[in-house]
Structure formats: C-alpha cells, structure tokens
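**Q** Attaching a predicted model along with its sequence, questions to come.
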Amino acid sequence: MPSKAAELIRAGRLVAFPTETVYGLGAHALDPQAVERIYRAKGRPQTSPLIVHVASIEMARGLAAHWPDSAERLARKFWPGPLTLVVPKASQVPDIVTAGLPTVGLRQPNHPMALDLLREAGIPIAAPSANRFSELSPTTAEHVIESLGEAVDLVLDGGPTPVGIESTVLSLADVPAVLLRPGRITQEQIEEVIGPVRLGGAPEGAHPSPGMHARHYSPRTPLYLVAPSSGWGASLWLFQPEETACAIQMPADPDQYGAILYDTLHRLDAQGFDWIAVELPPDWPEWTAIRDRLVRASTVTSVT
Ligand code: AMP
Ligand code: MG
C-alpha cells in the first residue's frame, strides 16, 4: 500500500522530503498544475528550471528525448547520488518543469526516504530546494517548516541531510559537457568517467538570464567574505553580537564543512547579528563547491 506521502504526490499535492543534499519540495513532475504549486509556494519565478527526481536510470531514460552514452556511464557510476544530469527532454515533460528549456535536469537521490517515496509514487518528482525563493536551502525539516509553513501539505522528517549543499549540475546537452553548478561530485570525478568538461560561466550557469539569481542561497544577515589566512587549517567564522566580535571554527574537511554550512548559517541568521564574516577556504579543487555557495551567500559578490 502506498504511503500517505506517495498518495499526496500522486494527487498533485506538495510533499517536502529529505535527500542527501538538501530537503526538496516535491510535486508530480508530469502534472503541470502540481508543478505550478511549487513555484507559488516558493515565490520562485517560472524562469528557473526544476530538477526532476527519478527512482531509477530506467525512469530517467524515459524522460529524455536523447540519453547519451555519457549520461548512462555517469548515472551508473554516481547514482543514486548528488549529480544532476541535464539532457534533451522528452515531450511528456511539461514546459513548466524546465522553464521552457528544451532540456531537463534529472537525478536519482541517495536517501532512503526519497527513494521510498519515488518508488511508492511510481512517478518522477520535480523538486527544487524546499525554501522560499533566494533564501538559504533547508537541511532539516525544521528549516522547511520555518520557511514554507502551511504552503506544503506534508514534510517528511529524515533529520539533517548528510551532504548539506545542492547537487552538482552537469549539462550533457552539448559536447563537451558543461559543469553548471559545482557540488560534492567534483569536476575531476566526472572527467575520470567522460573526459574533459567545460566550466559554465555564470553563477547560475543554466539560467537564460543569470543576473537574476546572482544572490541566491543567502542569509538575511549581511555576510562578508575575507581572504583565506596563510596558515589554512579550519576556517574561522566571525560574527558580531552587539559590540564584541565572536568566532567559531568550521571543519577543515570540505565534506564535513558542507554538511553543516547551511545549518550554521540558519542558526547565525536567527540571532540577528549585524554581520557575519567568513574566511573563504583556499582555491583548491576540493573546496570549489563550498566557495561557490559562500560567494552566492555573500553580500559583496565581487570577491573571488
Ligand atoms: P535547485 O533545484 O533550486 O537546487 O536548482 C536547480 C538548478 O538546476 C537550477 O538552478 C539550474 O542550475 C539547474 N537545472 C535544472 N534544470 C535544468 C535544465 N533543464 N537546464 C539547465 N540547468 C538546469
Ligand atoms: Mg534552491
């Protein structure tokens, strides 16, 4: 018997669910009215495409007009996992899902609750992060409820999400493939499977008008980036409660850092400080995704 969550999804309602990256706000991907609810709940412009979550590689193939060999190899290597593959879309994928683009972003998430939901529902689920547009992504069920409240019909609580930052997004619509958003799966890992990959230029590479989303994943408190110190070990975050500046230490391991990044920002943001200053991790490949999210979250975006 399908779960309550699967029944709601099939009936066109909104269900927030944990993935290994962040919480997603899910709806029936093949039902345009259900997908429209996502945009309304988030206050998200309909020019920003949604990632479609699938239960299997086979389900992904059915949503693609063309499923390149590179997609097959990457999916076999990294799915279920934090890698979104952008491929030409099949006609059954509604335009509202892809913001009118001829391509669709597909991913099989690696989280037991997400996989159960996908299997029980038996349909692809469109799901952006479960927060209001331009806010920080949610990494706990509490974050989802704080941001979306009654706009969502059901929130599945799976505790904190282990990866903590959004998926890597790779477009296979062109050759060579284009990395549109860095994430836990790195450029190097992808290149080991399919050879050279190009970097997408804009902060929101996929978007037709990138400027619109330059400041994304942001806390309300002004966030400033400071240059990495020479003796990089673990980053120091400084924040100012009233007069005295305080500091907290973040993990020196990028995966551990990513896992707590948004929750740390959510907690600091709730305390009403004047500002938050973050030491930017070094320009090393393993820090690419963290640096990308910090730059997007920052008040001064010109820092590189
Ligand atoms: P979010 O679901 O909020 O984590 O963001 C989804 C991101 O996936 C978008 O901002 C795009 O960068 C990317 N994306 C989703 N679908 C497509 C697509 N059809 N073409 C290019 N990029 C896409
Ligand atoms: Mg988002």
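**A** Structure received. Ligands and ions are numbered 1, 2, ... in the order given.
**Q** Run the contact check for the strand or helix carrying Glu146 versus ligand 1.
**A** Assigned by DSSP states H and E, Glu146 belongs to helix 141-148. No. If you take C-beta under 6 Å from any ligand atom as the test, helix 141-148 misses ligand 1, and the best it gets is 12.8 Å. For every residue, glycine as well, the C-beta is placed using N, CA and C.
**Q** buried set for that helix?
**A** Applying a neighbour-count criterion of 16 or more other C-beta atoms under 10 Å, the buried positions in helix 141-148 are Ala141, His143, Val144, Ile145, Ser147, Leu148.
**Q** And the fifth one, what's its pLDDT?
**A** So the one you mean is Ser147. In this model, Ser147 is scored at 95, pLDDT.
**Q** ok, back up a step: for the helix holding Glu146, list the C-alpha coordinates in PDB.
**A** Extracted in PDB, the C-alpha atoms of helix 141-148 (Å, rounded to 0.1, in the frame of the first residue of the first chain):
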ATOM      1  CA  ALA A 141      12.700  19.500   8.500                       C
ATOM      2  CA  GLU A 142      12.600  22.500  10.900                       C
ATOM      3  CA  HIS A 143      14.200  24.700   8.200                       C
ATOM      4  CA  VAL A 144      11.500  23.700   5.800                       C
ATOM      5  CA  ILE A 145       8.700  24.400   8.200                       C
ATOM      6  CA  GLU A 146      10.200  27.800   9.200                       C
ATOM      7  CA  SER A 147      10.500  28.800   5.500                       C
ATOM      8  CA  LEU A 148       7.300  27.300   3.900                       C
END
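**Q** after that helix, next one along is what?
**A** strand 154-155.
**Q** Direction included, what does whatever helix or strand comes next after that next one pair against?
**A** For strand 154-155, the following helix or strand on the C-terminal side (DSSP H and E) is strand 168-171. Using DSSP bridges, the strands paired with strand 168-171 are strand 83-88 (parallel), strand 178-181 (antiparallel).
**Q** average model confidence for the last one?
**A** Regarding strand 178-181, the rounded mean pLDDT is 98.
**Q** Also stretch 194-212?
**A** Here the average pLDDT along stretch 194-212 is 62.
**Q** One more: stretch 268-281?
**A** Per-residue scores along stretch 268-281 average to 89.
**Q** okay, that stretch in PDB with CA atoms only?
**A** Provided in PDB are the C-alpha atoms of stretch 268-281 (Å, rounded to 0.1, in the frame of the first residue of the first chain):
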ATOM      1  CA  LEU A 268      23.500  32.600  13.000                       C
ATOM      2  CA  ASP A 269      20.900  34.200  10.900                       C
ATOM      3  CA  ALA A 270      18.200  33.600  13.500                       C
ATOM      4  CA  GLN A 271      20.300  35.500  16.100                       C
ATOM      5  CA  GLY A 272      20.000  38.900  14.500                       C
ATOM      6  CA  PHE A 273      23.700  39.800  14.300                       C
ATOM      7  CA  ASP A 274      24.900  42.900  12.500                       C
ATOM      8  CA  TRP A 275      27.000  40.900  10.200                       C
ATOM      9  CA  ILE A 276      28.800  37.600   9.600                       C
ATOM     10  CA  ALA A 277      32.300  37.400   8.300                       C
ATOM     11  CA  VAL A 278      33.500  34.200   6.700                       C
ATOM     12  CA  GLU A 279      37.100  33.200   5.900                       C
ATOM     13  CA  LEU A 280      36.900  31.900   2.300                       C
ATOM     14  CA  PRO A 281      38.500  28.500   2.000                       C
END
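**Q** count of residues packed around Gly159?
**A** As a burial measure, Gly159 scores 10 neighbours (other C-beta atoms under 10 Å).
**Q** whoops, I mixed them up, Pro196
**A** Using other C-beta under 10 Å, Pro196 has 9 neighbouring residues.
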